[in-house]
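A.B. asks: need a 3D model of the following:
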Amino acid sequence: MNISARDIHGQVSDRDLANAIRFLAIDGVEKAKSGHPGMPMGMADVATVLFTRFLKFDAADPHWPDRDRFVLSAGHGSMLLYALLHLTGYKDVTIDQLKSFRQWGSKTPGHPEYGHTEGVETTTGPLGQGLATSVGMALAERMLNARYGDALVDHYTYVIAGDGCLMEGVSHEAISLAGHLKLNKLIVLWDDNHISIDGDTSLSCSDDQLARFAASGWATTRVDGHDPEAVAAAIEAAKKSDRPSLIACRTTIGFGSPKVAGTEKAHGAPLGPEEVEKTRAALNWPYPAFEVPDAILTRWREAGSRGKTAHDAWAQRLAAADAATRSGFNDALAGKLSSNYTGALQALIDKFAADKPSIATRQASQLTIDAIVPASPNILGGSADLTHSNLTHAKGTASVKPGAFGGSYLHYGIREFGMAAAMNGIALHGGFVPFGGTFLVFADYSRPALRLAALMGVRVIHVMTHDSIGLGEDGPTHQPVEHVSSLRAIPNLLVFRPADAIETAQAWDVALQQTKRPSVLALSRQALPALPREGTADNPVARGAYLVIDPAQRDVTLIATGSEVSLALEAACKLEALGIKAAVVSAPCFDLFAEQDDAYRAKVLGTAPRVGVEAALDVDWRRWIGDGGAFVGMTGFGASAPANVLYQKFGITADAVVDAAKGVIARAKH
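C.D. replies: You can find the predicted model right below:
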C-alpha cells in the first residue's frame, strides 16, 4: 500500500504531516505539564511515512482482523501514538482527549494501555516488552496464515522501539526467537537517537545493534530517520525480506527545538512555553496549540481511510469462504473453545473419578492437555525448554518450526521472559489461547510480562511445575517458597494450586473460561492422592475454596492448598481419633474464593479456629486463618534432599498440623 509523497496534494509535504504529530505531542505534554515530547518529535517523520504509505489499517474499524499491527514499544512517547490516532480519525482520540493527556478518566494515559484506547494494540511503557510482545503477534499471524491462507490472513507487525528497548535483556530473547523462526513479517523501526535519560547512550552502551540483530538472523539497514524517501525505501525492502527486519532510523530527539534537540533534556519534561514558541518558529508552524490546518488534517484523515478498500475486499473474501472455514476463523478470533471441548474435559474428569489416580498434578495436567488440545485446536502450547518436565506437549501435535507454522506447540527455548511476552502478543493478536510452561521458581523471570498480562486482561495460561520443596534434591535454588504468594499479589491474575488430578483438570477449565484475566497453574512434581468427593458434575475450583470434609460439629478448620491438602486430610483423621472434629478445606485459588459472597465464605471457613497448611511462606494467609490462626509451612529457603525428608525436616507433617490444631483450640478457649 505504498503511496508516493508526490500526489495531488502536493502543497502538503511530509514535513507538514510530521509537524502535525510533533506539535500535538508538544502541546499535549505542555498542557499536562508532564510527559515525554522528545521521542515523538524525533520519530514523527518515520511515523508519517509508515502511517501514510505502508500501514494497512482502517480507522473506522480498529478491530479489522487483517489490519497491520503497530506497537509503540517506546511507550513513554505515547503522544506520538495518540497524535496519530487522532489525526487518522480514530473516534476514541478526539482533540479534547489530547488536551486531557495524562488526566483522570482520559483516553490518553501516560503510557498506552490496551483495552483503554481504541487503536492501542498492547500496553507498553516497561521498555523492551512491546518489542517482545510483537514477536508473539507476528508469530500468531504466520500460524493463522498457515491455517487460513493469504486470503484471510496476510499482514505485518511494525514496531517503533528505542535505545532503552534494545538495552533491556528481554530484547535479546525476543530477537533471537524471531530470528530463529524467520518471522519475516515483523519490521522494527529503531529510534536510533543515541540518547537515554542519563545522557548520551555511549555512557553505558557501545553495542553494535545491527550486528547483534544480524547475528540473530535479522535483515538490517540504517537510514536517516528524517529523510522520508530513505525510510520508505527501507520499509519497502523489509517487506520483501525472508527474515525479520531492523531499520535503524538515525534521528534527533526533540527535533526542531533550538535548545534541547539532541539532548537528554528533551526526553521526559515539557519544553516550556518559551521553547515551544521558538520551536514553532524553527519548524515554521505558526498555529495555536492543538490546531491542525484543514489541508493537513484532510491528508491525515485520508490516510486513516486509505485501508477501507482493502478492508472491504477482505470482508468479501471472508463472506465467500465456505461455512466451515468462516465459522472456524471467526470462532478462533473470538477465542471460543470448540464444541468438543466440554465433552472431552468431562470424559477425562469422569475417568479420574473412576480411577482415583495417585499422580503428580503436572502429570494430571499433561493428561488434561492431551484431552483438550485435540478437541479445541486453537489452544496453543509451549515451554521454555522444559517440555519433558512441565509435560506441556499434547500427544500427536506437531511443533512450530521456521517456515512451518501449522503446528500447535512452540519451543520457546530458555527464554522465560520472552515466552511470557510472546504469549501476550499471541493472545492480543487473536486466533489462539496460548499456554506455556516453566518451573514455578522461574516465575521471577516471567513476572514483568505476567504483570502486563494481568493489567491488560488477556487470557494466557502459565503452567508452572515443581511448585514447592516437594521437588526434592535440586535444592533451594529451584524450590519456590515465596513465589505463590508473590504471584497472588498481582491484581487480576488467578493463581491455582490444585490438590489432585480432578482439581487440576477443573483448574484448567476455569483458566480457559476466563476472557479478561491470565492464570498460573502451580503444579507438583510429586504424586498426590485423589481427594474424597461425591460426583464430578460441579466444579468447586471455580469457587476458589470448598469443604472436602464437613463434619456436623466443627472444632477446627484445616485450610490447605495443593500437595498439603492430603496432609490436612491425614491430620483430620488423627484428630478424629483424639475426639476433635476437623473440617478440611481445599483452597486452590485464593482470588476466586475472595470473590464469593459472604455467606459462602462463612460456610466454608466456619467459626472454629483455623490452621493454614502450605509448603510456602506465610505471606498472604492471615486473611483466611485470622490473627489467632496457626500456619504450618516454610519459614525460609529450602534445602537439597529427598522430598519426604524435607517435609519432615521443615515440620510440614500431619503431626505438625495436629499439634497446631490443638494449639489454636486451646488458645480459643482462653
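A.B. asks: all helices of the stretch 301-450 of the chain, in order?
C.D. replies: Per DSSP state H, counting those that start in this stretch, the stretch 301-450 of the chain carries helices over the ranges 308-320, 323-334, 341-355, 361-375, 387-390, 416-429, 443-456.
A.B. asks: tell me the angle the fourth one makes with helix 341-355.
C.D. replies: Counting by axes from the mean of the first three to the mean of the last three CA atoms, to 10 degrees, helix 361-375 points 140 degrees away from the direction of helix 341-355.
A.B. asks: what is helix 361-375 packed up against?
C.D. replies: helix 341-355, strand 379-383, strand 461-465, helix 501-513, strand 519-523 (3 or more CB pairs under 8 Å, 6 or more residues apart in numbering; DSSP states H and E). Bear in mind the C-beta positions are built from the backbone N, C-alpha and C, glycine included.
A.B. asks: buried residues in it, which are they?
C.D. replies: 361-375 (16 or more other CB atoms under 10 Å).
A.B. asks: re the thing from before, columns mean pLDDT and distance to residue 141 on top of the helices of the stretch 301-450 of the chain, output as CSV?
C.D. replies: Formatted as CSV, those follow (pLDDT from 0 to 100; distance: least, CB to CB, whole Å):
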stretch, mean pLDDT, distance to residue 141
helix 308-320, 98, 14
helix 323-334, 97, 12
helix 341-355, 97, 24
helix 361-375, 98, 21
helix 387-390, 98, 24
helix 416-429, 98, 7
helix 443-456, 98, 19
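A.B. asks: point out the most buried one among those helices.
C.D. replies: Mean neighbours per residue, mean count of other CB atoms under 10 Å, is largest over the helices of the stretch 301-450 of the chain for helix 416-429, with a mean of 29.
A.B. asks: angle of it against helix 323-334?
C.D. replies: Using the same axes, to 10 degrees: helix 416-429 against helix 323-334 is 130 degrees.
A.B. asks: can you give me the end-to-end distance of stretch 354-361?
C.D. replies: Stretch 354-361 has an end-to-end distance of 17 Å (CA to CA, to the nearest Å).
A.B. asks: sorry, wrong one. I was asking about stretch 190-199.
C.D. replies: Stretch 190-199 has an end-to-end distance of 18 Å (CA to CA).
A.B. asks: low-confidence ranges in the chain?
C.D. replies: Applying pLDDT under 70 to the chain flags the ranges 1-10.
A.B. asks: picking up where we left off before, got the helices and strands packed on helix 361-375 as JSON lines, with distance to residue 538 columns?
C.D. replies: Formatted as JSON lines, the helices and strands packed on helix 361-375 follow (distance: least, CB to CB, whole Å):
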{"stretch": "helix 341-355", "distance to residue 538": "11"}
{"stretch": "strand 379-383", "distance to residue 538": "24"}
{"stretch": "strand 461-465", "distance to residue 538": "22"}
{"stretch": "helix 501-513", "distance to residue 538": "9"}
{"stretch": "strand 519-523", "distance to residue 538": "20"}
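A.B. asks: quick check: residue 622 touching residue 629?
C.D. replies: Yes - contact criterion CB atoms under 8 Å: residue 622 and residue 629 qualify, at 7.4 Å.
A.B. asks: in terms of neighbours, single out the busier of the two.
C.D. replies: For residue 622 versus residue 629, neighbours defined as other CB atoms under 10 Å are more numerous around residue 629 (21 against 12).
A.B. asks: tell me the contacts of that one?
C.D. replies: For residue 629, the contact set (CB atoms under 8 Å, 6 or more residues apart in numbering) comprises 609, 610, 611, 612, 621, 622, 664.
A.B. asks: repeat that for residue 643.
C.D. replies: By CB under 8 Å, 6+ apart, the contact set of residue 643 is 469, 470, 471, 472, 525, 526.
A.B. asks: repeat that for residue 475.
C.D. replies: Taking CB under 8 Å, 6+ apart, we find residue 475 in contact with 638, 639, 640.
A.B. asks: isn't there a helix covering it?
C.D. replies: No - note on residue 475: no helix contains this position according to DSSP: H, G, I helix; E, B strand; the rest coil, which reports coil.
A.B. asks: do you know how far it is from residue 469?
C.D. replies: 9 Å (CB to CB, to the nearest Å).
A.B. asks: joint contacts of these two?
C.D. replies: 638, 639.
A.B. asks: circling back: export the helices of the stretch 301-450 of the chain as CSV, with columns for distance to residue 253.
C.D. replies: Below are the helices of the stretch 301-450 of the chain laid out as CSV (distance: least, CB to CB, whole Å):
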stretch, distance to residue 253
helix 308-320, 34
helix 323-334, 38
helix 341-355, 50
helix 361-375, 47
helix 387-390, 43
helix 416-429, 26
helix 443-456, 25
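A.B. asks: among those helices, which is nearest residue 657?
C.D. replies: Evaluated over the helices of the stretch 301-450 of the chain, closeness to residue 657 peaks at helix 361-375, with 20.3 Å, by CB to CB.
A.B. asks: that closest one: how far from the chain's middle?
C.D. replies: Averaging C-alpha positions (CA atoms, centre = their mean, to the nearest Å) puts helix 361-375 23 Å from its chain's average.
A.B. asks: that older thread, between the buried residues of helix 361-375, which sits nearest residue 44?
C.D. replies: Of all the buried residues of helix 361-375, the one sitting nearest residue 44 is residue 373; the distance, using CB to CB, is 45.6 Å.
A.B. asks: just checking, that closest one touches residue 392?
C.D. replies: No - using CB under 8 Å, residue 373 is not in contact with residue 392; the gap is 9.9 Å.
A.B. asks: how far does stretch 61-81 stretch from start to finish?
C.D. replies: Using CA to CA, first and last residues of stretch 61-81 are 17 Å apart.
A.B. asks: in that stretch, what's buried?
C.D. replies: Applying 16+ other CB under 10 Å to stretch 61-81 flags 62, 64-81 as buried.
A.B. asks: if we can go back for a sec, buried members of the contacts of residue 629 into ChimeraX, please.
C.D. replies: Buried members of the contacts of residue 629, defined by 16+ other CB under 10 Å, are picked up in ChimeraX with:
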select :609,610,611,612,621,664
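A.B. asks: which ones among the contacts of residue 629 lie within strands?
C.D. replies: Residues of the contacts of residue 629 located in strands (DSSP state E): 610, 611, 612.
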